[in-house]
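Colleague: test case, fold it:
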Amino acid sequence: MVQATAPNITTVPIRIDTGSVDTDGRLVLAGGRLVAVLVRLGDETHIDTHNSWFLEAGFGALSGEAQVFRTVEHAVDWIGRRLATA
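Modeller: Predicted structure coming up:
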């Protein structure tokens, strides 16, 4: 299932083999191109960030970024702003 979350940006739910309980993920596509992989921090060891979303991998203008977001929507907003200025 593909869900539109912002103009030209979509997310695709996917399970990710992280080696931990953090397996709920989203592929983030902009214009049909993969620009990021988000992982929900479900492990209770993430005390301050439990259930937040981590930018596991960014590509292109998002490469090398390490960000945590409260929601997928916050992540998509941030990604959209970064891509607009790239």
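Colleague: double-check Ile9 against Val76; I have them as touching.
Modeller: Yes: Ile9 is within contact range of Val76, at 5.4 Å (criterion: C-beta atoms under 8 Å). Any C-beta I mention is one placed from the backbone N, CA and C, and that applies to glycine too.
Colleague: so for those two, which sits in the more crowded spot?
Modeller: With neighbours defined as other C-beta atoms under 10 Å, Ile9 and Val76 compare such that Val76 has more, 23 against 19.
Colleague: that one and Gly19, how far apart?
Modeller: Val76 sits 26 Å away from Gly19, going by C-beta to C-beta, to the nearest Å.
Colleague: next one: Ala86
Modeller: Using C-beta to C-beta, one gets 31 Å for the distance from Ala86 to Gly19.
Colleague: next: Ala36.
Modeller: Distance of Ala36 to Gly19, given as C-beta to C-beta: 20 Å.
Colleague: those two: who's more crowded?
Modeller: When neighbours are counted by other C-beta under 10 Å, Ala36 comes out ahead of the other of Ala36 and Gly19, with 28 against 7.
Colleague: can you tell me the element the more buried one falls in?
Modeller: Counting by DSSP states H and E, the secondary-structure element that holds Ala36 is strand 33-40.
Colleague: list the helices and strands that strand packs on?
Modeller: Under the contact criterion of 3 or more C-beta pairs under 8 Å, 6 or more residues apart in numbering; DSSP states H and E, the helices and strands touching strand 33-40 comprise strand 24-30, strand 53-58, helix 72-85.
Colleague: report the contact partners of the residue nearest to the spatial centre of the chain.
Modeller: Note on the chain: the residue nearest the mean C-alpha position is Leu38, at 2.7 Å, using C-alpha atoms, centre = their mean. The neighbours of Leu38, taking C-beta atoms under 8 Å, 6 or more residues apart in numbering as the test, are Thr11, Gly25, Arg26, Val28, Trp53, Phe54, Leu55, Glu56, Phe69, Val72, Ala75.
Colleague: now do Gly42
Modeller: Applying C-beta under 8 Å, 6+ apart, one finds that Gly42 lies in contact with Val21, Asp22, Thr23, Asp24, His50, Asn51.
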